[in-house]
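**Student:** no letters, just coordinates:
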Ligand SMILES: *Cc1c(COP(=O)(O)O)cnc(C)c1O
């Protein structure tokens, strides 16, 4: 017996918080197979429907032919391949920064960037609803960790004005992953410039989806290609981009600092170069297939209209993340389970991922969804509400 573990697991189960994994037997798509049954899925971050795109599969195979399967070393030893290099240049150009640096995952990018940029003498100011990876990064950095209420600029400004430290780093999701709302980006940038703080903007859910050509949330608020030098932009490549990985883009000085001292960049094997090769193909589709973002926008409108009369309300969001607020964890699980019996997958998100009493169904939409898919989900929810 290991002291306490069984008891902790039992409590979790009792509170309706035990998570189980489901085994997917098909590619990621709007329809997926589990246990031999087909489901219509509203749970992936594959917003543009690229995860299973023939052109990307072909590019991955071509990448494997050219580079093999494993990178075999870290970037600073001899695992930095021309595919990585080309992708970094393409991402820098696309996101509008002088340089970009690839990381294996978004989680590692956040850990690496935050711990390289601030330490004991510094302070971090973080939105209360930021992604877990950003909070973990803040704790690991040993900087003073000061949180402010969700998107509350007045509270943030007070805290920034009161702090007198070597460096200040404000951290925010650009699109909040469990709410779908967008941070007040322009005001955050202005505050950071006024108080000489860096702004780490995590655009995991905006990259590929928002802004002209899918260039991300910064291009949604600012058409031009000259971002504030205070911005450290981070985005993931396993969501809308449909592959895997993440990058940080910023001024040369910042990227050079990350190359020298981001431990989650240095002390790990480089991702397989075939993934970077596939991502170069993905980036082309992201840029050129405007229809994917148009379809996605239509799907969002249709879902909102379809769910208007429900007793449960959608949180205010114009992104593909459309959370339906239920409140009670067990109730959220019950509804999710009923939908599942009808062949519809919508995950119930519970504490501690979201605050107590705000359990929700997190509906995520994709350009791969058809109008009749959205209708089916709306009707199933109407029927559940009436029963
Ligand atoms: C998914 C996500 C991450 C982590 O990215 P991975 O590449 O999946 O590790 C970081 N931040 C936010 C806001 C996310 O939604």
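**Tutor:** Everything's here; your move. From a predicted model like this one, the values you see are computed outputs, not experimental measurements.

**Student:** what segments of the stretch 251-387 of the chain are helices?
**Tutor:** For the stretch 251-387 of the chain, the helices defined by DSSP state H, counting those that start in this stretch cover 252-261, 263-266, 273-288, 290-307, 329-341, 371-386.

**Student:** in the last one, what counts as buried?
**Tutor:** Of the residues in helix 371-386, those with enough neighbours to count as buried (16 or more other C-beta atoms under 10 Å) are 373, 374, 376, 377, 378, 380, 381, 384. Quick note: C-beta positions are derived from backbone N, CA and C, even for glycine.

**Student:** again, but for the shortest one
**Tutor:** Across helix 263-266, burial judged by 16+ other C-beta under 10 Å covers 264, 265, 266.

**Student:** residue 360 bridge partners, please.
**Tutor:** Bridge pairing for residue 360 (DSSP bridges) gives the partners residue 325, residue 349.

**Student:** distance check, it against the ligand.
**Tutor:** Applying C-beta to the nearest ligand atom, to the nearest Å, the value for residue 360 to the ligand is 15 Å.

**Student:** from what I can see that residue touches residue 178, true?
**Tutor:** Yes. Judged on C-beta atoms under 8 Å, residue 360 makes contact with residue 178 at a distance of 7.5 Å.

**Student:** and the residue of the stretch 101-250 of the chain nearest the ligand?
**Tutor:** Ranking the residues of the stretch 101-250 of the chain by distance to the ligand (C-beta to the nearest ligand atom) places residue 106 first, at 2.2 Å.

**Student:** again but with the stretch 251-387 of the chain, I slipped
**Tutor:** Taking C-beta to the nearest ligand atom, the stretch 251-387 of the chain has residue 321 as its residue nearest the ligand, at 9.2 Å.

**Student:** show the pLDDT at residue 224.
**Tutor:** pLDDT, residue 224: 66.

**Student:** show me the contacts for the nearest residue to residue 117 once chain neighbours are set aside.
**Tutor:** Spatial nearest neighbour of residue 117, excluding adjacent residues (C-beta to C-beta, 6 or more residues apart in numbering): residue 169 at 6.0 Å. By C-beta atoms under 8 Å, 6 or more residues apart in numbering, the residues touching residue 169 are 114, 117, 118, 122, 123, 124, 125, 143, 197, 198, 199, 200.

**Student:** right, is the helix or strand encompassing residue 169 up against the ligand?
**Tutor:** Here residue 169 sits within strand 168-173, counting by DSSP states H and E. Yes. Judged by C-beta under 6 Å from any ligand atom, strand 168-173 and the ligand are in contact via residue 173.
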